[in-house]
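**Q** Have a look at this prediction, sequence included:
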Amino acid sequence: MQLFNGVKFLQEMRNKTIMFVGDSLGRNQWESLMCMMISSAPFIHTHIIHEDPLSTFKILDYDVKVSFYRAPYLVDIEKIHGKTTLKLDEISVDASDAWRTADVLLFNTGHWWSHTGSLRGWEQMEIGGRYYGDMDRLVAMRKGLTTWSNWVLRYINSPLARVFFLSVSPTHYNEKASPHCNLQLAKQDDL
C-alpha cells in the first residue's frame, strides 16, 4: 500500500482546480482531501473562502484550488410562485460558469432524491414548463441526470479535463473529528 504524498499531489496539480459538486458526500470528500494535503504537506500556505454554494480551499504555494459547490440534485432548485421548485431540465448559469473553471470535476447525487415529508428539499418539480407535486423519484432522478450529462457533454470538451460521478453512498456522518486534521471551515468574514 502506498501512502498519499501531498507534496507530489500538489506538484502534479499545480495551477489546477479540483471541484467537488453535490451533497454532503462531496463535501466530506472535499474536507478529506484538504486534511490529507495539510497532514502530508504541513508547511503549505493556504486560504479558505467558505460561502454558499461555493467554498474554495486555496493552496497558495502551488496555485491549486480545491472547491466544493453545494448542488445536491445537480440541477437547479429555486423559488417559483412562492414554492421551492426542483427544475429537472435546468442548470443555472452561475453553477455552469463555476463548474467549467475546474480541471477535475467530481460530481455526486442520489441521496436527496429519495427524501419525503419534511426532509424533502422541494415543494414541486418542473420540467419543460410543467409543474408536478411529485413523480416517481427514479424517473425524476433520471431526468435530472440526463440534464446533467448533457451539460457535461456540451461544456466539458477539453481533453485534459476529468469528470467523475458517484451516486448514493452508505451513511457517512461522523460527529468525531479526524485525529489528523482539525480543519475549521470559517466564513470569509472570520478570516
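**A** Noted; the coordinates are in hand.

**Q** Nearest the middle, which residue of this protein would you pick?
**A** residue 21 (1.7 Å; Cα atoms, centre = their mean).

**Q** Can you verify that residue is assigned to a strand?
**A** Yes. Membership of residue 21 in a strand is supported by DSSP: H, G, I helix; E, B strand; the rest coil.

**Q** I'd guessed it sits against residue 101; true?
**A** No. Look at residue 21 against residue 101 with Cβ atoms under 8 Å: they stay out of range, at 11.7 Å. C-betas here are computed from N, CA, C, even on glycine.

**Q** picking that back up, who touches the residue nearest to the centre of the chain in this structure?
**A** Applying Cβ atoms under 8 Å, 6 or more residues apart in numbering, we find residue 21 in contact with 68-69, 71, 74, 99, 105-108.

**Q** redo that, cut-off 10 Å
**A** 30, 53-54, 67-72, 74, 95, 98-99, 102, 105-109, 148, 163, 165 (Cβ atoms under 10 Å, 6 or more residues apart in numbering).

**Q** show me where pLDDT drops low in the chain?
**A** Applying pLDDT under 70 to the chain picks out residues 169-191.

**Q** can you tell me which helix in it is longest?
**A** Counting by DSSP state H, the longest helix found in the chain is helix 137-155.

**Q** Skip ahead from it and say which helix or strand is next.
**A** Counting by DSSP states H and E, the next helix or strand C-terminal to helix 137-155 is strand 162-166.

**Q** Could you name the helices and strands sitting against that next one?
**A** strand 17-22, helix 24-40, strand 104-108, helix 137-155 (3 or more Cβ pairs under 10 Å, 6 or more residues apart in numbering; DSSP states H and E).

**Q** before we move on, the earlier item: what residues sit buried inside the longest helix of the chain?
**A** Judged by neighbour count using 16 or more other Cβ atoms under 10 Å, the buried positions of helix 137-155 are 140-141, 143-145, 147-148, 151-152.

**Q** Kindly reformat those as CSV containing distance to residue 91.
**A** Formatted as CSV, the buried residues of helix 137-155 follow (distance: Cβ to Cβ, whole Å):
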residue, distance to residue 91
140, 15
141, 15
143, 13
144, 10
145, 12
147, 6
148, 7
151, 5
152, 10
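
**Q** Residue 101 against residue 19, yeah?
**A** Yes. Using Cβ atoms under 10 Å, residue 101 is in contact with residue 19, at 7.6 Å.
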